[in-house]
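Asks: Whatever this is, show me its structure:
(2 chains)
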Amino acid sequence: MSMKNEYDITIAGLSKSYKGRNEDIVVLNELNFQVKRGEFFCIVGPSGCGKSTLLKILVNKIKDYQGTYHINEERRSSGIAYIPQESLLIPWRTLYQNMALGLEIKKSITPSTKGLISDLISSFKLNGLQDKLPNQVSGGEAQRASVIRALASSPRILLCDEPFSSIDFVTRLDLNTKFKNKAKVQGVTTIFVTHNIEEAIFLGDRVAVMSKKPGEIVDIIDSSLSEGAEDAVKCRQAPEFNKLFSKIWEILENGFH
Amino acid sequence: MQVLLIVLVGVLWEILASQFNQFKFLLGSPSSVGQELVALIINENFFYHFFLTGSEALVGFLIGTSLGTTCGLLLWYSEFTSKVMKPFIIVMGSIPVFAFAPLLVVWFGIGFWMKVVLAFLSTFFIALTNAHKGATLVSNQFLDLLEIYGADKRSKFFKVVLPGSIEWVLNSLRLNIGFALLGAFIGEFISSENGLGRLILRATGLYNVPKALAAAIGIILLAFIFDFIAGKIESKRHSIIQLISVPKALKN
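Replies: Numbers count the residues shown, from 1 in each chain, chains lettered A, B, ... in the order given. Okay, here's the model as predicted:
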């Protein structure tokens, strides 16, 4: 396998700036990184460091930027999914119809893909809520439906923009565990943006730490855990968990000074 | 409560009419309106006029609303066409349709179709602007999400734009009932031989206020019936959305 194929996402010298009143405001400055196939790549940084802007560039919503990015064409064409910060469920569709949206667009609603949705519904504990409308369920339940919508389409590339940021701590740990395991089983290449260090350490195979204004990647840290890698609660017992936390914290703290 | 209010107003009206002749001349009385209504039904084929005005309004309403809604929604498809057409739509929409009425007599005569065209013109632009507004107000976030999943424009239209604008379309349905009736009514007013508008015009020409009011009851009744049907359609909103935008495989 050539080097090019080993990486699903390659970002080279990616910068983005907006025209300010007197001078340009740099949001992203010279980002360089690569994400391997099947890798869970977390980006952690303070609010306003340009994390979401990066994802918007990757989903083609922002088109004027400098530098380049490359997403493996074969993987992109077989499926890209996005989990936004808010659940963004279509209000007139039932939870189930929202979950199946990606499959519906691909015209691949079959007994087997419906089976996959049912499996996801049971693992994310949404049984009995399939026929409810989004305004009839809680924010956490809606967000879980949004995660299922992304996973049900069996994407090859998954982009997540702080999907769990508005969910309470306990539910969040549970969701983290399930989400990571499902993503790993599907072998999806994931970029996961968050401002929560613990979440980044648990989910990510690697964690990129960004600084605020201009958004730069200060360091990329290998965050593989020797213990509890499959459980968001148990992972805290891994000997390297606290070290990783301190290391990331230090970088972020320095960014503020 | 509403019935009580109507009864109260009716009683007060009757008393005032029996006491003051001028009042009775200008407003009639509930009992005289009732008598005239019965007379209209027995002697002047009231229901023929009732159905005539009703069908003029209904046909104009159906053509105007469906065509206007379709055009309004289709404008979403092409931003260019929408931009080019916008000033024309605004101008056409703000011209009082009734200003065209005398011309319509020249073009369509004084029969059924002149009133239909007037009802059509009264409803078309409202349906068009409402549907277009509904379509453009659908959240871009949903459209972006669909695009990420690979949706084409047609798919975006049927899955998000059309169901998302249904609220606006249903609103224009309700609004247009009144305008369609007004269109048909004004048409009859300007020139006609039959219809409730004609009855009212003839009665007021003879200063027969109770008779004019009795005919006006017909118009009110029509408005009630149309509004009732529109209300029924509105209450089926969810089923309509499911029907037009969700594939069978995802329904229960």
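Asks: Please name the bridge partners of the nearest residue to A:Tyr65 once chain neighbours are set aside.
Replies: Distances taken as CB to CB, 6 or more residues apart in numbering or on different chains place A:Lys16 nearest to A:Tyr65, at 4.5 Å, with adjacent residues excluded. Every residue, glycine included, has its C-beta placed from N, CA and C. Bridge pairing for A:Lys16 (DSSP bridges) gives the partners A:Leu28.
Asks: Next, count neighbours for A:Lys16.
Replies: 22 (other CB atoms under 10 Å in any protein chain shown).
Asks: Look up how far B:Leu170 lies from it.
Replies: Separation of A:Lys16 from B:Leu170 (CB to CB, to the nearest Å): 42 Å.
Asks: Could you do A:Lys178 as well?
Replies: Taken as CB to CB, the span from A:Lys178 to B:Leu170 is 40 Å.
Asks: same check, this time on B:Ser31
Replies: Between B:Ser31 and B:Leu170 the distance is 40 Å, computed by CB to CB.
Asks: who has more neighbours, the two?
Replies: Remark: of B:Ser31 and B:Leu170, B:Leu170 carries more neighbours, 20 against 14, as counted by other CB under 10 Å.
Asks: what's next to stretch A:101-110, contact-wise?
Replies: A:79, A:81, A:90, A:93, A:100, A:113, A:117, A:149-150, A:152-153, A:155, B:146, B:149-151, B:155, B:159, B:247, B:249-250 (CB atoms under 8 Å, 6 or more residues apart in numbering or on different chains).
Asks: do stretch A:38-56 and chain B meet at all?
Replies: No. Using CB under 8 Å from any CB of the partner chain, stretch A:38-56 never reaches chain B; the gap is at least 9.1 Å.
Asks: Show me what counts as buried in that stretch.
Replies: By neighbour count on 16 or more other CB atoms under 10 Å in any protein chain shown, the buried set for stretch A:38-56 is A:39-45, A:49-56.
Asks: Just the closest of these to chain B, please.
Replies: Using CB to the nearest CB, A:Lys56 is the member of the buried residues of stretch A:38-56 that sits closest to chain B, with 9.1 Å.
Asks: would you list every one of the strands in the stretch 101-250 of chain A?
Replies: With strands called from DSSP state E, counting those that start in this stretch, the stretch 101-250 of chain A shows them at A:157-161, A:189-194, A:206-211, A:216-222.
Asks: same for the last one, what does it pack against?
Replies: With contacts defined as 3 or more CB pairs under 8 Å, 6 or more residues apart in numbering or on different chains; DSSP states H and E, the secondary structure elements packing on strand A:216-222 are strand A:24-36, strand A:206-211, helix A:239-256.
Asks: what does the stretch 151-252 of chain B put close to chain A?
Replies: B:151, B:155, B:159-160, B:163-164, B:166, B:238, B:241, B:245-247, B:249-250, B:252.
Asks: how about these, which pair is most distant?
Replies: Across those, the longest distance by CB to CB is 23.9 Å; it joins B:Ala151 and B:Asn252.
Asks: Neighbour count: these two, which is higher?
Replies: The neighbour comparison of B:Ala151 against B:Asn252 (other CB under 10 Å) goes to B:Ala151, with 21 against 7.
Asks: quick one: the more buried one is in a helix?
Replies: No. Looking at B:Ala151 with DSSP: H, G, I helix; E, B strand; the rest coil, it is coil, so not inside a helix.
Asks: per-domain residue ranges of the chain.
Replies: You didn't say which chain, so I picked chain A. Residue ranges for the domains of chain A, per automatic domain parsing: A:3-79+A:155-256, A:89-154.
Asks: wait, I meant chain B there
Replies: B:1-43, B:45-250.
Asks: count of neighbours near the closest residue to A:Ser224 other than its chain neighbours?
Replies: Leaving aside its chain neighbours, A:Ser224 sits nearest to A:Asp205 (6.0 Å; criterion: CB to CB, 6+ apart). Residues lying near A:Asp205 (other CB under 10 Å) number 18.
Asks: Report pLDDT for A:Asp205.
Replies: On the pLDDT scale, A:Asp205 is placed at 90.
Asks: ok, now A:Tyr18?
Replies: On the pLDDT scale, A:Tyr18 gets 84.
Asks: Equivalent analysis for B:Met1, please.
Replies: Taking B:Met1 on its own, its pLDDT is 83.
Asks: and if you look at A:Glu199?
Replies: pLDDT, read off for A:Glu199, is 90.
Asks: For chain B, see how far away the nearest residue to it once chain neighbours are set aside is.
Replies: Using CB to CB, 6+ apart and skipping the chain neighbours, the partner closest in space to A:Glu199 is A:Asn176 (6.1 Å). Applying CB to the nearest CB, to the nearest Å, the value for A:Asn176 to chain B is 23 Å.
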